[in-house]
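*Asks:* Need a 3D model of the following:
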Amino acid sequence: MRWVAYVLLAAGTVQALSLPFRLPSWLWFGSRSNALTIDSGKPWYNASKTVAVIGAGAGGSSTAFFIAKAKQRYGVDIDIHIYDKNELVGGDNDIIYPYDDGRYGSVELGAFKHYEVDQNLARAAKEFNLTRVARKRRDGGVGIWDGTEILFTLGGSSFPIWDRLKAYWAYGFLSLSASDTISTGVLHKAWNLYAPDIKPWDEITSLIDYMGWSNLTSQSGSDFFRSYGVSERQISEILNAATRATYSQNAGSINALSTALANVPDTLTITKGGHKQVFEKFVREANATLFLGSQVKSIKWNSNSNTWTVKSTNGSIDYRNAVLAAPIHTSHISLPESLTVQVPERPHETIFTTVLTTNASHPDPTYFGLKQTAMVPRTILTTIGKDGEEPGFLSLKYYNVIQRGGQEEYVVKILSKEKLPKESLERLFGPESVRWVHTHEWKTPVLTPTTTFPPIKLDKGFYYVNAFDSIISTLESSIVSGRNVADLLLREDFSSGVCLQPTSEPYADQEVLDIPLSPQTPGSEFVYGWDC
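*Replies:* Numbers count the residues shown, from 1 in each chain. Sure, this is the predicted structure:
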């Protein structure tokens with residue numbers, strides 16, 4: 001099969017192809033552009049039943065996947081086209097192997113944290129026969145550094161009870177209990193997003209009210225946790241370190257919902273080979289026509305045909321529906337002002353992931369102002385210094401150990417707001433101790449507290465997946481948002497749903513989230529969308 005893709009790709013370098021038929025999406029999983037030119041004059045698709053999804057990351061691929069579920073279950077007559085400016089599916093959800101050698105374990109390039117409630121990711125791994133592994137908790141302890149001194153350390157002891165007592169002494173029993181209660185409550189409520197009676201929401205405010213999150217999204221993490229009796233020291237050290245490591249933001253500027261989730265312990269359960277496989281599987285299962293390496297230039301309403309015209313570097317196609325699964329203000333797509341004016345501008349911050357190998361078993365103590373004989377923890381979280389200065393990085397973690405040339409090398413992952421030069425890495429680990437380095441640049445939404453949210457449906461037939469990023473931004477939340485958009489689109493435009501038989505009457509007039517909250521039991525095997 002692979003030779004077919006190569007033949008088509010090679011042909012594309014000689015002359016652009018004009019294809020009046022569907023190409024299976026697996027042909028385009030490669031590192032080269034599909035070189036496809038669209039001739040909309042040829043009847044190779046039916047605009048009245050075709051949906052365009054712009055963005056092949058977590059949100060876009062999951063939207064396509066759940067739309068296709070209705071087609072598979074109920075025979076809904078619908079086709080899907082997916083566009084992405086990149087040449088691979090998955091967006092920023094990529095992995096790297098040390099020395100680009102698959103024999104060594106993969107490292108995720110984003111700031112991923114894994115929660116027990118991440119039911120879509122867990123179910124996808126099960127359905128697609130992907131291996132889920134529990135990453136070992138490496139010894140070496142955890143330290144919190146403010147750029148000048150290490151304020152607090154945990155771990156490294158053979159008596160876990162000692163760490164607990166140490167934390168109680170530093171931050172107070174009542175303070176730690178209060179923060180745990182907040183985070184546990186948020187996590188338990190999140191199970192309702194998978195319940196059998198969940199309905200799609202067309203406004204973020206509907207979801208917030210349904211989940212009881214209004215105070216969490218309108219206040220900063222610091223203010224909210226403080227109001228519940230969490231101590232100033234715990235906020236400035238523990239909570240701030242957690243939000244910086246998870247969302248690259250400080251607890252004083254990020255919303256309390258994200259702070260609460262950042263405070264939840266990582267399950268350390270990962271998908272072997274990276275989560276990107278999930279989104280590739282989503283696209284394949286959707287049987288979508290995939291346009292990789294295709295930059296969408298504009299999306300405009302065509303009043304003559306009552307369709308949305310998507311113009312890309314390959315040409316123009318009309319669609320019944322358009323789904324934008326990318327940040328609207330930074331997508332570089334020309335859109336009607338009537339759409340963009342509905343979405344409050346939300347800045348995105350550039351983050352750098354540095355993955356390296358070193359022969360240093362611990363960071364260099366002199367970097368942290370310690371004596372050369374001191375033992376520095378292998379996980380360093382950071383907080384703002386007393387003078388308000390930013391430390392040199394957000395977080396540092398010894399991720400794995402590999403054998404290379406008969407010698408042990410440690411795989412380390414660092415998140416930072418600026419690219420770390422070689423000189424900084426040498427200071428962190430010691431002169432000539434760094435063996436291999438890979439740097440990945442990506443962007444993350446700034447999750448400031450707000451009471452103003454973008455609609456999910458911006459116009460007739462136009463849906464915005466990234467509206468969910470106004471309150472939370474994780475891989476799992478992107479999948480939940482994609483499922484919601486798929487359900488809403490199917491109900492309003494195809495008189496069906498992810499779990500609804502088609503009818504002769506549209507579901508558009510029904511209230512969304514119009515039922516009382518009926519708690520989903522943590523640990524339940526039912527996952528809405530996968531199950532009906």
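*Asks:* ok, Asp94 touching Lys276?
*Replies:* Yes. With contact defined as C-beta atoms under 8 Å, Asp94 reaches Lys276; the gap is 6.0 Å. Every C-beta, even on glycine, is put in place using the N, C-alpha and C of the backbone.
*Asks:* Give me the more crowded residue out of the two.
*Replies:* Using other C-beta atoms under 10 Å, the more surrounded residue of Asp94 and Lys276 is Lys276, with 23 against 18.
*Asks:* check contacts around the nearest residue to Ser179 once chain neighbours are set aside.
*Replies:* Residue nearest to Ser179 in three dimensions, not counting chain neighbours: Val230, with 4.9 Å by C-beta to C-beta, 6 or more residues apart in numbering. Listed by C-beta atoms under 8 Å, 6 or more residues apart in numbering, the contact set of Val230 reads 175, 178-179, 182, 239.
*Asks:* what about 6 Å?
*Replies:* Counting by C-beta atoms under 6 Å, 6 or more residues apart in numbering, Val230 touches 175, 178-179.
*Asks:* same thing with Gly59?
*Replies:* Shown in contact with Gly59 (C-beta under 6 Å, 6+ apart): 325, 465, 478, 481-482.
*Asks:* part of a helix, is it?
*Replies:* Yes. Using DSSP: H, G, I helix; E, B strand; the rest coil, the assignment for Gly59 is a helix.
*Asks:* Check it and give its pLDDT.
*Replies:* Gly59 is assigned 96 on the pLDDT scale.
*Asks:* Report how many residues lie close to Tyr74.
*Replies:* If we define neighbours as other C-beta under 10 Å, then Tyr74 has 17 of them.
*Asks:* How many neighbouring residues does the nearest residue to Leu394 once chain neighbours are set aside have?
*Replies:* Distances taken as C-beta to C-beta, 6+ apart place Leu415 nearest to Leu394, at 4.2 Å, with adjacent residues excluded. Look at Leu415: counted by other C-beta under 10 Å, it has 21 neighbours.
*Asks:* do the same with Ser361
*Replies:* The number of residues packed around Ser361, counting by other C-beta under 10 Å, is 15.
*Asks:* and the closest residue to it other than its chain neighbours, how many neighbours does it have?
*Replies:* Closest residue in space to Ser361, ignoring its immediate chain neighbours: Tyr410 at 6.5 Å, by C-beta to C-beta, 6+ apart. Using other C-beta under 10 Å, Tyr410 has 23 other residues around it.
*Asks:* Now Tyr410: phi and psi?
*Replies:* When read as degrees, to the nearest 10, the backbone of Tyr410 gives phi -100, psi 130.
*Asks:* correct me, but it touches Tyr398?
*Replies:* Yes. The pair Tyr410 / Tyr398 is scored as a contact, 5.5 Å apart, by C-beta atoms under 6 Å.
*Asks:* all strands of the stretch 201-350 of the chain, in order?
*Replies:* Assigned by DSSP state E, counting those that start in this stretch, the stretch 201-350 of the chain shows strands spanning 269-271, 289-292, 296-302, 307-312, 315-319, 321-324, 348-358.
*Asks:* Reformat those strands as JSON lines; add distance to Gln249, mean neighbour count and mean pLDDT.
*Replies:* Shown next, in JSON lines, are those (distance: least, C-beta to C-beta, whole Å; neighbours: other C-beta atoms under 10 Å; pLDDT from 0 to 100):
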{"stretch": "strand 269-271", "distance to Gln249": "23", "mean neighbour count": "20", "mean pLDDT": "74"}
{"stretch": "strand 289-292", "distance to Gln249": "31", "mean neighbour count": "26", "mean pLDDT": "92"}
{"stretch": "strand 296-302", "distance to Gln249": "29", "mean neighbour count": "17", "mean pLDDT": "97"}
{"stretch": "strand 307-312", "distance to Gln249": "33", "mean neighbour count": "21", "mean pLDDT": "96"}
{"stretch": "strand 315-319", "distance to Gln249": "36", "mean neighbour count": "20", "mean pLDDT": "94"}
{"stretch": "strand 321-324", "distance to Gln249": "24", "mean neighbour count": "26", "mean pLDDT": "98"}
{"stretch": "strand 348-358", "distance to Gln249": "8", "mean neighbour count": "20", "mean pLDDT": "95"}
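*Asks:* want to try JSON lines for these, with distance to Lys281 as columns?
*Replies:* Formatted as JSON lines, the strands of the stretch 201-350 of the chain follow (distance: least, C-beta to C-beta, whole Å):
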{"stretch": "strand 269-271", "distance to Lys281": "11"}
{"stretch": "strand 289-292", "distance to Lys281": "13"}
{"stretch": "strand 296-302", "distance to Lys281": "24"}
{"stretch": "strand 307-312", "distance to Lys281": "24"}
{"stretch": "strand 315-319", "distance to Lys281": "24"}
{"stretch": "strand 321-324", "distance to Lys281": "19"}
{"stretch": "strand 348-358", "distance to Lys281": "24"}
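*Asks:* Kindly state which of those strands is positioned closest to Ala125.
*Replies:* When those are ranked by proximity to Ala125, the top entry is strand 269-271, at 5.5 Å, counting by C-beta to C-beta.
*Asks:* That closest one - contacts with which helices or strands?
*Replies:* strand 132-134 (3 or more C-beta pairs under 6 Å, 6 or more residues apart in numbering; DSSP states H and E).
*Asks:* and Leu458, how far is that from Pro336?
*Replies:* 9 Å (C-beta to C-beta, to the nearest Å).
*Asks:* more crowded one of those two?
*Replies:* Each of Leu458 and Pro336 has its neighbours counted (other C-beta under 10 Å); Leu458 has more, 22 against 15.
*Asks:* in a strand, that's where that one is, yeah?
*Replies:* Yes. The assignment for Leu458 (three-state DSSP) places it in a strand.
*Asks:* Tell me the spacing between the residue nearest to it when sequence neighbours are not counted and Leu292.
*Replies:* Excluding the flanking residues, the one nearest Leu458 by C-beta to C-beta, 6+ apart is Leu339, at 4.6 Å. With distances taken as C-beta to C-beta, Leu339 is found 25 Å from Leu292.
*Asks:* Next: Glu127.
*Replies:* Using C-beta to C-beta, Glu127 is found at 24 Å from Leu292.
*Asks:* Identify each buried residue in stretch 214-221, please.
*Replies:* Residues 216-221 are the ones in stretch 214-221 that count as buried (16 or more other C-beta atoms under 10 Å).
*Asks:* closest one to Cys532 among the strands of the stretch 201-350 of the chain?
*Replies:* Among the strands of the stretch 201-350 of the chain, strand 321-324 sits nearest to Cys532 (C-beta to C-beta), with 21.6 Å.
*Asks:* Work out the sheet partners of the closest one and label each with its direction, please.
*Replies:* strand 50-54 (parallel), strand 462-464 (parallel) (DSSP bridges).
*Asks:* Rebuild those as JSON lines, extending it with mean neighbour count.
*Replies:* Listed next are the strands paired with strand 321-324 as JSON lines, based on neighbours: other C-beta atoms under 10 Å:
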{"stretch": "strand 50-54", "mean neighbour count": "26"}
{"stretch": "strand 462-464", "mean neighbour count": "25"}
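*Asks:* Please produce TSV containing these, extended by mean pLDDT.
*Replies:* TSV is the format used below for the strands paired with strand 321-324 (pLDDT from 0 to 100):
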stretch	mean pLDDT
strand 50-54	97
strand 462-464	98
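*Asks:* Turn those into JSON lines, including distance to Pro449.
*Replies:* Shown next, in JSON lines, are these (distance: least, C-beta to C-beta, whole Å):
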{"stretch": "strand 50-54", "distance to Pro449": "29"}
{"stretch": "strand 462-464", "distance to Pro449": "21"}
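*Asks:* out of those strands, which comes closest to Gly105?
*Replies:* strand 50-54 (32.2 Å).
*Asks:* if we look at the closest one, which residues are touching it?
*Replies:* Contacts of strand 50-54 (C-beta under 6 Å, 6+ apart): 60, 63-64, 79-83, 296, 310, 319, 321-324.
*Asks:* 7 Å - rerun?
*Replies:* Residues outside strand 50-54 that contact it (C-beta atoms under 7 Å, 6 or more residues apart in numbering): 60, 63-64, 67, 78-83, 296, 308, 310, 319-326.
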